[in-house]
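**Student:** Got a predicted structure here, sequence first:
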Amino acid sequence: MPHEKDHQRELLRRQSRVRGMMLGLALGETVGGARGRLPVSGPLRAGVSTQLACFTAEGIIRAQVRGNHKGSCYAPGVVLHAYCRWAFLQGIEVEKMRRRWTSSGDAVWPDGWLAGVPALAERRGSAPATVTALSRIDEGQERMATPSRGCHALTRGLPVAVTGLGGISQAAEVAALTHGDTAAQDATVHAAVLAHHCLTNPAPESGPYPYSGRSAQDVLQAAVTALPAEGRRITDDEQARVVAAFRHAVDDPADAGRLARLAPDATAPSTLLGGLYAAASFPDRADFRAALEFAAGAPDGDSVACVTGALLGAVHGIEALPVDLISRHELAWVLDTLARDLLLELDDSPSGSEYVQGWDPHWWRRYPGW
């Protein structure tokens, strides 16, 4: 029985960190979008990065389902289908999307439970490169991408961190669906590697059960050090910039001028450096809110705070996130459900496989494998 209890506790720890990352990115974007000045009451609105991150997570689950049932799967293509469902809900190229993804006039599409969430159909900011590329989907995946270096390639791709280093190897391809600039693709991979280390090397007292671990700053330092081996697409200059951003956080933390120089614009590389600097400047569990408010002061505060929240949420777990903010966020339940289901699908395919009967008869309807 002790072994069974240990397994149960480890599962709860992992859930806490994945939930923390998903809700952390959402709170970060919301705080950043408000420039740190949230309304004192009422629901907190999600941003477009959070909407897209929801569909990234759903796309990963559906790709895993497809792989289990079909034997092989090109995951970026399934994630592209997810972004098309988001576009349809947003009213973007509705007929083009419908024609592409339905083979008959009476087919039910978009499918899956996520398409029924009202807040995902509301415009919450612009994602111009994503919208432009999806509008050109008939040109094919190789030609539809824009030359953009924008931050949404990175922020929407953060859930890929949950898949481990094998899945992260496809993060650049997911970014490249809409963002053709290699710097944006590389920054997306690097952010996913950092988040993966935060998920797998928790700080002390992360999750529901305290245990001995390393400090949040130690975790981030280990993640930065691992980038050359695990980032696979990092140049010496990129590695030097990431290392410098972390060292600045240790030696000169929470300096607004430094943050503005590290993250001067809304590009993916800026978002990576600014988010890392802000997270490493506030490594203590009790300073989660302060970290987001500081990150919100960046020139593009919503993207930087999004990464900050994801990294710290992954390190500390969901218990570190401010309850008064989580309870007001309009997509809290959606994000929490996706986080749990993503981990569940990766650990134990509820719909079974091509040769094994599933234990959840409703899973395929929730996450159709295509």
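**Tutor:** Sure thing, it's come through. Numbers count the residues shown, from 1 in each chain.
**Student:** Could you list the buried residues of stretch 173-189?
**Tutor:** Using 16 or more other Cβ atoms under 10 Å as the test for burial, stretch 173-189 gives 173-181, 183-189. Where you see a C-beta, it was placed from the backbone N, CA and C, and this is true even at glycine.
**Student:** Dump it to CSV, keeping only the CA atoms.
**Tutor:** Extracted C-alpha coordinates of stretch 173-189, given in CSV (Å, rounded to 0.1, in the frame of the first residue of the first chain):
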residue,chain,number,x,y,z
GLU,A,173,6.9,22.9,-36.4
VAL,A,174,3.8,24.0,-34.5
ALA,A,175,5.1,27.5,-34.4
ALA,A,176,6.0,27.3,-38.1
LEU,A,177,2.4,26.7,-39.1
THR,A,178,1.8,30.4,-38.9
HIS,A,179,5.2,32.1,-38.0
GLY,A,180,7.8,31.6,-40.6
ASP,A,181,10.6,33.5,-38.8
THR,A,182,13.2,31.0,-37.4
ALA,A,183,13.9,33.2,-34.4
ALA,A,184,10.2,32.9,-33.3
GLN,A,185,10.3,29.1,-33.9
ASP,A,186,13.5,28.8,-31.9
ALA,A,187,12.2,30.9,-29.0
THR,A,188,9.1,28.7,-28.9
VAL,A,189,11.3,25.6,-28.4
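**Student:** pLDDT averaged over that stretch - what is it?
**Tutor:** Per-residue pLDDT over stretch 173-189 has a mean of 97.
**Student:** and that stretch, how far from the chain's centre?
**Tutor:** On the basis of Cα atoms, centre = their mean, to the nearest Å, stretch 173-189 sits 14 Å off its chain's mean C-alpha point.
**Student:** Run through who's touching it.
**Tutor:** With Cβ atoms under 8 Å, 6 or more residues apart in numbering as the test, stretch 173-189 has contacts from 56, 75-76, 79-80, 83, 129-130, 132-134, 141, 144-150, 152-154, 157, 160, 168, 171-172, 231-235, 238, 267-269, 271-272.
**Student:** So which of those residues are in helices?
**Tutor:** Those of the contacts of stretch 173-189 mapping onto helices are 56, 75-76, 79-80, 83, 129-130, 132-134, 152-154, 168, 171-172, 238, 268-269, 271-272, per DSSP state H.
**Student:** quick one: low-confidence ranges for the stretch 201-350 of the chain?
**Tutor:** 202-214, 231-232 (pLDDT under 70).
**Student:** can you pull out the helices in it?
**Tutor:** With DSSP state H, counting those that start in this stretch, the ranges of helices along the stretch 201-350 of the chain come out as 216-230, 236-251, 256-262, 268-281, 288-295, 301-316, 323-326, 332-347.
**Student:** Buried among the ones in helices among the contacts of stretch 173-189? Need that as a selection in ChimeraX.
**Tutor:** To isolate the buried ones among the ones in helices among the contacts of stretch 173-189 in ChimeraX, judged by 16+ other Cβ under 10 Å, type:
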select :56,75,76,79,80,83,129,130,133,134,152,153,154,168,171,172,238,268,269,271,272
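**Student:** if I pick the one residue sitting closest to the centre of the chain, what's in contact with it?
**Tutor:** Residue closest to the mean C-alpha point of the chain, counted by Cα atoms, centre = their mean, is L158 at 2.6 Å. Taking Cβ under 8 Å, 6+ apart, we find L158 in contact with 21, 25, 53, 56, 191-192, 195, 306-307, 310.
**Student:** Of those residues, which is the nearest to R14?
**Tutor:** M21 (11.0 Å; Cβ to Cβ).
**Student:** What's the local residue count around the closest one?
**Tutor:** 30 (other Cβ atoms under 10 Å).
**Student:** any idea how far the helix or strand containing it is from the chain center?
**Tutor:** Using DSSP states H and E, M21 falls within helix 2-33. Centroid separation between helix 2-33 and its chain, computed with Cα atoms, centre = their mean, is 13 Å.
**Student:** List the buried residues in that helix.
**Tutor:** Those would be 13-33, for helix 2-33 by 16+ other Cβ under 10 Å.
**Student:** list the helices and strands that helix packs on?
**Tutor:** In terms of contacts (3 or more Cβ pairs under 8 Å, 6 or more residues apart in numbering; DSSP states H and E), helix 2-33 is packed against helix 48-70, helix 182-200, helix 288-295, helix 301-316, helix 323-326, helix 332-347.
**Student:** which of the ones you listed is buried the deepest?
**Tutor:** Mean neighbour count, computed with mean count of other Cβ atoms under 10 Å, is highest for helix 301-316 among the helices and strands packed on helix 2-33, reaching a mean of 33.
**Student:** between that one and helix 268-281, how big is the angle?
**Tutor:** 50 degrees (axes from the mean of the first three to the mean of the last three Cα atoms, to 10 degrees).
**Student:** sorry, back to before: distance to G125 added to the helices and strands packed on helix 2-33, as TSV?
**Tutor:** Shown next, in TSV, are those (distance: least, Cβ to Cβ, whole Å):
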stretch	distance to G125
helix 48-70	4
helix 182-200	18
helix 288-295	17
helix 301-316	8
helix 323-326	19
helix 332-347	17
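**Student:** Quick one: closest of those helices to V117.
**Tutor:** Nearest to V117, of these and by Cβ to Cβ, is helix 332-347 at 5.6 Å.
**Student:** List the buried residues in the helix or strand that that closest one is followed by.
**Tutor:** Following helix 332-347 in sequence order, the next helix or strand is helix 363-366 (DSSP H and E). Applying a neighbour-count criterion of 16+ other Cβ under 10 Å, one finds 363-364, 366 buried in helix 363-366.
**Student:** and which of these is nearest to G125?
**Tutor:** Nearest member of the buried residues of helix 363-366 to G125, counting by Cβ to Cβ, is R366, at 27.3 Å.
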